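**Q** quick one, what's the 3D model for this:
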Amino acid sequence: QVRLMESGGGSVQIGGSLRLSCASSGYSYCKHDITWYRQVSGGEREFVASIHEIDGAIVYADSVKGRFTISRDDAKNTVYLQMNNLKPEDTAIYYCKTETCPQPGIVIQTPWGQGTQVTVSS
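**A** Take a look at the predicted model:
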């Protein structure tokens with residue numbers, strides 16, 4: 001069963017950059033989108049960006065278009081989120097998630113991990 005682990009968060013100033021990593025382990029009988037979400041303290045989780053594991057199709061939230069770039073390194077089983085020109089409103093815990101098939105025909109969501117904290121301040 002696939003497990004995902006986020007890393008790379010930290011504290012930066014406005015306009016700074018960070019690169020988040022989402023490392024995958026385990027085996028799945030299927031391939032799906034790997035999606036980054038973020039959650040502000042006390043708020044709802046919101047979609048940030050996704051990339052499909054097979055065709056590489058990418059989708060971004062409007063709030064991050066032009067600033068964030070999602071990419072993948074299949075050799076390292078890792079999906080990255082390069083975040084540039086960071087703003088205070090980007091402050092949140094960032095999570096990655098996907099669907100996995102532990103057996104043929106069975107699709108389940110990977111569990112939410114601990115995420116990685118991103119803090120943007122002046």
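**Q** CA atoms for contacts and neighbours, from now on please.
**A** Fine.
**Q** which strand or helix spans the spatially most central residue of the chain?
**A** Closest residue to the average C-alpha location of the chain: W36 at 2.7 Å, with CA atoms, centre = their mean. Assessed by DSSP states H and E, W36 sits inside strand 33-39.
**Q** residue boundaries of the strands in this protein?
**A** Secondary structure of the chain by DSSP state E: the strands cover 3-7, 10-13, 18-25, 33-39, 45-52, 58-60, 68-73, 78-83, 92-103, 106-109, 116-121.
**Q** what are the contacting residues of the first one?
**A** Applying CA atoms under 8 Å, 6 or more residues apart in numbering, the set of residues contacting strand 3-7 from outside is 20-26, 94-97, 110-111, 113-116.
**Q** buried subset of those?
**A** When the contacts of strand 3-7 are checked for burial by 16 or more other CA atoms under 10 Å, the buried set is L20, S21, C22, A23, S24, Y94, Y95, C96, K97, T110, G115, T116.
**Q** how about the nearest residue to the residue nearest to the centre of the chain once chain neighbours are set aside, what does it touch?
**A** Excluding its sequence neighbours, the residue lying closest to W36 (CA to CA, 6 or more residues apart in numbering) is C96, at 4.4 Å. Counting by CA under 8 Å, 6+ apart, C96 touches L4, M5, E6, C22, I34, T35, W36, Y37, W112, G113, G115.
**Q** save the strands of the chain as CSV, and put in mean pLDDT too.
**A** Formatted as CSV, those follow (pLDDT from 0 to 100):
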stretch, mean pLDDT
strand 3-7, 95
strand 10-13, 98
strand 18-25, 96
strand 33-39, 96
strand 45-52, 96
strand 58-60, 97
strand 68-73, 96
strand 78-83, 97
strand 92-103, 94
strand 106-109, 90
strand 116-121, 98
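**Q** related to what we said a few turns ago, what about the residue nearest to W36, distance to R38?
**A** 9 Å (CA to CA, to the nearest Å).
**Q** ok, now N84?
**A** Noted for N84: a distance of 16 Å to R38, by CA to CA.
**Q** who's more crowded, the two?
**A** Higher neighbour count among N84 and R38: R38, with 23 against 17, using other CA atoms under 10 Å.
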